[in-house]
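Student: let me see the structure of the following:
(2 chains)
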Protein chains: 2
Amino acid sequence: MQGNSAGTPCSRDPLLDVKVRFGQRLRALRTEQNISQEKLGEMAGLHRTFVSMVERGERNVTLATVEKLAKALGRRMADLMPDAP
Amino acid sequence: MQGNSAGTPCSRDPLLDVKVRFGQRLRALRTEQNISQEKLGEMAGLHRTFVSMVERGERNVTLATVEKLAKALGRRMADLMPDAP
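Tutor: Numbers count the residues shown, from 1 in each chain, chains lettered A, B, ... in the order given. The predicted structure follows:
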């Protein structure tokens, strides 16, 4: 078998997990600006691997981190918030 | 002397500290709905003293907490984000 078989429930439903939804939002805004994870990390004062983990929904980031990422992307903090599931 | 004397700079400038700005925003939304800290805590599954600390800008809350508070207040997570300083 390759990957998840059809019908296998995902262990982290993006509709449920705020970390995953935030990571998807961050990735969308970053790629929209053609910035690499490394570049975003540099601009936000965060390590590239941390940015990568955040985008994969593996970190429950704090307000301070949201603010750093928002500033680096030139967006408002509200712009980074995912919609309700 | 009582409280801060005039001209004494505040050690935590609300224009600079994202925790303080978030706390102010949360308090504004809560009082708008005439809900006590205790009631908000109950609805969000958080302790009253934690809600109090958040409103005073003493906690660097995570996305998961922002989501709980937003749900309890019937608002979007983005509505809880403070504007840039």
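
Student: could you check how far the spatially closest residue to A:Gln37 that is not a sequence neighbour is from chain B?
Tutor: Distance criterion CB to CB, 6 or more residues apart in numbering or on different chains; nearest residue to A:Gln37, sequence neighbours excluded, is A:Val51 at 4.6 Å. For the C-beta atoms, the positions are set from N, CA and C on the backbone; glycine is no exception. A:Val51 sits 15 Å away from chain B, going by CB to the nearest CB, to the nearest Å.

Student: can you tell me the SS state at A:Val51?
Tutor: On the three-state scheme (DSSP: H, G, I helix; E, B strand; the rest coil), A:Val51 is labelled helix.

Student: residue contacts, it?
Tutor: Counting by CB atoms under 8 Å, 6 or more residues apart in numbering or on different chains, A:Val51 touches A:26, A:37-38, A:40-41, A:44.

Student: switch the cut-off to 7 Å
Tutor: A:37, A:40-41 (CB atoms under 7 Å, 6 or more residues apart in numbering or on different chains).

Student: which of the residues you listed lies closest to chain B?
Tutor: Among the contacts of A:Val51, A:Leu40 lies closest to chain B (CB to the nearest CB), at 17.6 Å.
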